[in-house]
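*Asks:* have a look; sequence and predicted model below, questions after that.
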Amino acid sequence: MELFSDEWMKKFMAEWNNESSLSGELEKIGFCSSIAYGFDNDDQPRGIINVENGKAVSAGSYNGEETNWDLRAREDTWKSWMAKEMGMMGLGAAYTTRKLKFANGDYKTMIKEPRMAGPFIKSFAVMGRVS
């Protein structure tokens, strides 16, 4: 299954909602956002997930929707993060070395809010459950 394809994103949505340290923690802070995912040098993201009060309510292929976050990395880099949860230091290193790029969204705001940073890191591990 292709990374960030429509099918992949729908399975990611199910895994997102099954992980209380992701959806449950984001629910506590009323997190609502549209998050797109894609690869470096692509004109647009590949997939999108829409979150309301911490729960993923829709997901699929990206079709020009407005996003709050647009995360980009090389495909092999995404896969390495999915294989092994990165942690806070790994996230910081990924951002400063430009392995993780924010085409949209404010990394500094997110990382300064521990109630968002922990679930953000957990989302990479949850991606690794999609098969």
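*Replies:* Yep, it's here. What you see is a predicted model, and the numbers here were worked out from it, not measured in a lab.

*Asks:* phi, psi of Pro119?
*Replies:* Per-residue torsions, Pro119: phi -60, psi -30 (degrees, to the nearest 10).

*Asks:* what number of residues lie near it?
*Replies:* The local packing of Pro119 (other Cβ atoms under 10 Å) involves 24 other residues. From N, CA and C alone the C-beta is placed, and that goes for glycine too.

*Asks:* now swap in Glu2 and tell me
*Replies:* Neighbour tally, Glu2, other Cβ under 10 Å: 10.

*Asks:* before we move on, what about the one 4 residues further on?
*Replies:* Using other Cβ under 10 Å, the number of residues around Asp6 comes to 17.

*Asks:* I'd say it and Arg46 touch.
*Replies:* No: counting by Cβ atoms under 8 Å, Asp6 does not reach Arg46; the two are 9.4 Å apart.

*Asks:* identify the residues contacting stretch 110-130?
*Replies:* For stretch 110-130, the external contacting residues (Cβ atoms under 8 Å, 6 or more residues apart in numbering) are 1, 8, 11-12, 15-16, 19, 21-22, 25-26, 28-29, 31, 78, 81-83, 85-88, 91-92, 95.
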